[in-house]
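Student: Provide a 3D model corresponding to the input given below.
(2 chains)
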There are 2 protein chains.
Amino acid sequence: MAVKIGLVGTGTVGGGCVRVIQAHKEDFKRNLGLDLELARVCSLSPDEAIALGVGDLFTNDYNEIVNDPEIDVVIELIGGTTVAKSIVLKSLAAGKHVVTANKALLAAYGAELSAAAMEAGVELAFEASVGGGIPIIGPMKHSLQANEVTSIMGIVNGTTNYMLTRMAEEGIAYDEVLRQAQELGYAEANPSADVDGFDAAAKISILASIAFQSRVSQDDVYTRGITNISPLDLEAAANMGYAVKLLAIAHRTEEGIDVRVHPTMIPVDHQLAKVNGVLNAIYVIGDFVGETMYFGSGAGSFPTASAVMGDVIEVARRIEQGIKPVPGIDPIMGCLEDRGLPIHPVDDLSMKYYIRFPVADRSGVLAAMAGVFAKHNVSVHSVLQRGQKENGTVNIVYITHVAKESAVNAVLAEIASLEDVLHGEPSLIRVEE
Amino acid sequence: MAVKIGLVGTGTVGGGCVRVIQAHKEDFKRNLGLDLELARVCSLSPDEAIALGVGDLFTNDYNEIVNDPEIDVVIELIGGTTVAKSIVLKSLAAGKHVVTANKALLAAYGAELSAAAMEAGVELAFEASVGGGIPIIGPMKHSLQANEVTSIMGIVNGTTNYMLTRMAEEGIAYDEVLRQAQELGYAEANPSADVDGFDAAAKISILASIAFQSRVSQDDVYTRGITNISPLDLEAAANMGYAVKLLAIAHRTEEGIDVRVHPTMIPVDHQLAKVNGVLNAIYVIGDFVGETMYFGSGAGSFPTASAVMGDVIEVARRIEQGIKPVPGIDPIMGCLEDRGLPIHPVDDLSMKYYIRFPVADRSGVLAAMAGVFAKHNVSVHSVLQRGQKENGTVNIVYITHVAKESAVNAVLAEIASLEDVLHGEPSLIRVEE
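Tutor: As a prediction, this is how the structure comes out:
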């Protein structure tokens, strides 16, 4: 019996999924005995469906998929958290299995989606939501399941990794590299989701939920982007033996879950430091397996479609075998019970900091800043002037010893309040050894 | 209901499995609702079982596990292809699911083991057989299943990677680094399985079987080890911008499957070139996903136990859900039908070669060798003398243009037959761009 698929979204990833089915439909039959039938395709654009050769399956009304009793699996690839949420919830309620790449939706409404899938006794699969084509959800839920995961560190946003790589290798300024990334289609016209770290935050919230058997939502993730990073910072980091990456981090601590996204210095010989351009890589450390890493294309039509269709095949196999999800297992966390581990507030963390202050080039500034660091007990390892003096502004770089986040924030706030000192936003980079 | 486990083998990996169960038994219950009960432990050494705290479960007769109707899953961790084969076949015949890390057994008797598991309608799981703790079998069989895999390239033997890394970084001679690896427990007293490439050959035969839906056995793998590699070669490679790794390679070609293990030069900026020491990494390229890589500890007690116990949990989950394997799906290849793709003979391949000849330091040698290369139409890119003259021997390094393997072999055979030319085994390294 054919497994009937309703595809919602014919953009980059949706188009890739159509291509996978067209290329490998006969292979899936021969190898796995699975007949995947694309039954209906919903899109705002009939032209996209026609261009993909599936114009005959086109509808612009997703209800024709959600309400079609013949359809077994709905693939949601429109993104966003409004219409997509309706489509997913209605599909689940109608007893359809759902495969999605929608990290924002999962990170915002994980509990609601999980409850709906469990209530309906259907699958909710989302390998493509993190790391594009890279197998990461599957390995965490299966191959690594004998472990207690202690840490995840990932480069999970290709746009910002591309920008940081170009800034580091060629010294191109932030605004210029963003413009080029937009021209190449790596960054959107409104780049906020990428450059402000929100996309990475959604992804790490999903990984942390699985790793720690606790519902972590996007709001739980301390999130800072790369908008204040300048080639000066990357050069300074390189001189110190570090690469700067926008890392998504989740650590299990004694106090709970430390989960955050921010520009991070990592030693140049760390495996993640060598992951450049639009590529993604995710480090997962487990108590028995030790360090593992997963590397590949974190976005793009074909890689992401590979992950989506891997899920569809898995779901189809279970449909054909008559297997229902294990009752009570949350489809996102992959466990019976939300352990409810608390979020370890960033303010309580201690680490080393790199902070670059664009300040007034006048006497007294350095002394005033030194006083602020001393007042808040933030011990300084080194102070250096970086780059050229420009229009009365110089860049002063502080490297701290291990300091408490709350104390560093107090330093930043107080320096910002000093008269005629700061000439721009400081660039703050945390150091992960 | 508890899932009852019979463990055969209490060495490095078996001990690790006991530790996983002891550490996480309650976690598996809480998170997954699975009660894993270690019911019986078979070993030649009661002392090992006692030291692990499972002396009460000890037997030295594996038949007490194989014939125990209470036992659901047998973990085979004794290695080798004789007694292990009996244990696995008897367990399968008795309707028990089998989890094994035994690459040599799978690579030699894959067809027989698969047939026995299918006949009995039970699982045969083997994530730990390749890459130790690294999830690789799972990703290939699940997350990547929407792809046609085109290439696999892996560093899958930690012993030889450790030796090559030390030789490259410190210039230590082969014999000395082998001695040190043996002292550290990285290499066995008889190191042949590692240094001659047989362990890697078994592993790539398993991965190729899955990737290409064709039974590839260890005998199908062209296998060369690292015994002729000297620090001279690693230094020469580094000067040319290459690292030397013992790669396990499987490519899908128009003619079939190109599968081999041999020392290989790869560009230093390739992700695999940066994998050093005992670590393993496997590159998998699929037609949709593009390049992916999996990295971690390829051996050792805890990492390998992580993979074994991940399989045990997966099997336990299926037992609890009453799920049988899909009839007709070969448990090793993961597909219904052996496509029977032919092995593409190495002799027909063409690539670039690095060849170092230890030769007599006398006039006429270079001219004689040049004549042999010319006679067999192997075009030479460069010829260099490397290292110091010693006891009348000099090392002459040839880099060829792309040449046919059969022609290069003819060159080697003819140079070996020349009177008073060769003073030792040539070192041959293939170049993978």
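Student: use CA for all of it now, contacts and neighbours both
Tutor: Fine.
Student: Quickly find the element holding A:Pro358.
Tutor: Element membership for A:Pro358 (DSSP states H and E) is strand A:350-360.
Student: List of residues touching that strand?
Tutor: Judged by C-alpha atoms under 8 Å, 6 or more residues apart in numbering or on different chains, the contacts made with strand A:350-360 from elsewhere in the structure are A:233, A:365, A:392-405, A:420-432.
Student: If you go by neighbour count, which of those residues are buried?
Tutor: A:233, A:365, A:393-405, A:421-423, A:426-431 (16 or more other C-alpha atoms under 10 Å in any protein chain shown).
Student: Filter those residues down to just the ones in strands.
Tutor: Secondary structure of the buried ones among the contacts of strand A:350-360 is defined by DSSP state E; positions in strands are A:393-400, A:403-404, A:427-431.
Student: For those, name the two members farthest from one another.
Tutor: Pairwise distances across those (C-alpha to C-alpha) peak at 28.4 Å, for the pair A:Thr393 and A:Lys404.
Student: Around chain B, which positions in the stretch 101-250 of chain A sit nearby?
Tutor: Contacts of the stretch 101-250 of chain A with chain B, taken as C-alpha under 8 Å from any C-alpha of the partner chain, map to A:127, A:133-135, A:138-139, A:142-147, A:213.
Student: Output those residues in CSV, with pLDDT, neighbour count and distance to B:Ile206 appended to each entry.
Tutor: Listed next are these as CSV, based on pLDDT from 0 to 100; neighbours: other C-alpha atoms under 10 Å in any protein chain shown; distance: C-alpha to C-alpha, whole Å:
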residue, pLDDT, neighbour count, distance to B:Ile206
A:Glu127, 98, 27, 25
A:Gly133, 97, 32, 23
A:Ile134, 98, 33, 21
A:Pro135, 98, 31, 19
A:Gly138, 98, 22, 20
A:Pro139, 98, 22, 19
A:His142, 97, 19, 20
A:Ser143, 97, 27, 17
A:Leu144, 98, 29, 20
A:Gln145, 97, 26, 23
A:Ala146, 98, 31, 23
A:Asn147, 98, 27, 25
A:Gln213, 98, 23, 33
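Student: Could you list which of those residues belong to helices?
Tutor: If you go by DSSP state H, those have A:138-139 in helices.
Student: Spit out the contact partners of the residue lying closest to A:Leu105 once chain neighbours are set aside.
Tutor: Counting by C-alpha to C-alpha, 6 or more residues apart in numbering or on different chains, A:Leu105 lies nearest to A:Thr81, which is 5.0 Å off, once chain neighbours are set aside. Contact partners of A:Thr81, counting by C-alpha under 8 Å, 6+ apart, are A:104-105, A:108.
Student: A:Ala104 versus A:Thr81, what's the distance?
Tutor: As judged by C-alpha to C-alpha, to the nearest Å, A:Thr81 and A:Ala104 stand 7 Å apart.
Student: just A:Arg362 next, same as before
Tutor: From A:Arg362 to A:Ala104 the distance is 46 Å (C-alpha to C-alpha).
Student: which one of those two has more residues nearby?
Tutor: Each of A:Arg362 and A:Ala104 has its neighbours counted (other C-alpha atoms under 10 Å in any protein chain shown); A:Ala104 has more, 24 against 12.
Student: What strand or helix carries the more buried one?
Tutor: When elements are assigned from DSSP H and E, A:Ala104 belongs to helix A:103-120.
Student: Tell me the gap between whichever helix or strand comes after that helix and the middle of its chain.
Tutor: In the C-terminal direction, the helix or strand that comes right after helix A:103-120 (DSSP H and E) is strand A:124-125. How far strand A:124-125 lies from its chain's middle: 18 Å, per C-alpha atoms, centre = their mean, to the nearest Å.
Student: just stretch A:88-97 next, same as before
Tutor: What separates the centre of stretch A:88-97 from the centre of its chain is 25 Å, taken as C-alpha atoms, centre = their mean.
Student: which of the ones in strands among the buried ones among the contacts of strand A:350-360 lies closest to chain B?
Tutor: A:Val431 (22.3 Å; C-alpha to the nearest C-alpha).
Student: which residues of the stretch 301-433 of chain A fall in helices?
Tutor: A:301-321, A:365-375, A:405-417 (DSSP state H, counting those that start in this stretch).
Student: whoops, the stretch 51-200 of chain A was the one
Tutor: Going by DSSP H, counting those that start in this stretch, the stretch 51-200 of chain A shows helices at A:63-66, A:83-93, A:103-120, A:137-141, A:158-170, A:174-183, A:192-195, A:198-212.
Student: mind checking pLDDT for the residue nearest to A:Cys17 when sequence neighbours are not counted?
Tutor: For A:Cys17, ignoring the flanking residues on the chain, the nearest one in space by C-alpha to C-alpha, 6+ apart is A:Ala305 at 4.9 Å. Looking at A:Ala305, its pLDDT stands at 98.
Student: So A:Ala305 sits against A:Gly11, correct?
Tutor: No. Assessed by C-alpha atoms under 8 Å, A:Ala305 is found out of contact with A:Gly11, at 11.1 Å.
Student: Among these two, which residue is more densely surrounded?
Tutor: Each of A:Ala305 and A:Gly11 had its neighbours counted (other C-alpha under 10 Å), and the higher figure belongs to A:Ala305 (31 against 17).
Student: Provide a list of residues in contact with that one.
Tutor: Contacts were defined as C-alpha under 8 Å, 6+ apart; by that measure A:Ala305 touches A:13-14, A:16-17, A:20, A:128, A:133, B:288-289.
Student: Dump those residues to TSV, plus secondary structure.
Tutor: Written out in TSV, the entries for the contacts of A:Ala305 read as follows (DSSP: H, G, I helix; E, B strand; the rest coil):
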residue	secondary structure
A:Val13	helix
A:Gly14	helix
A:Gly16	helix
A:Cys17	helix
A:Val20	helix
A:Ala128	helix
A:Gly133	coil
B:Phe288	coil
B:Val289	coil
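Student: Make JSON lines out of the residues you listed and add distance to A:Gly371.
Tutor: Listed next are these as JSON lines, based on distance: C-alpha to C-alpha, whole Å:
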{"residue": "A:Val13", "distance to A:Gly371": "54"}
{"residue": "A:Gly14", "distance to A:Gly371": "57"}
{"residue": "A:Gly16", "distance to A:Gly371": "57"}
{"residue": "A:Cys17", "distance to A:Gly371": "59"}
{"residue": "A:Val20", "distance to A:Gly371": "62"}
{"residue": "A:Ala128", "distance to A:Gly371": "49"}
{"residue": "A:Gly133", "distance to A:Gly371": "50"}
{"residue": "B:Phe288", "distance to A:Gly371": "57"}
{"residue": "B:Val289", "distance to A:Gly371": "54"}
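Student: Done for today, thanks.
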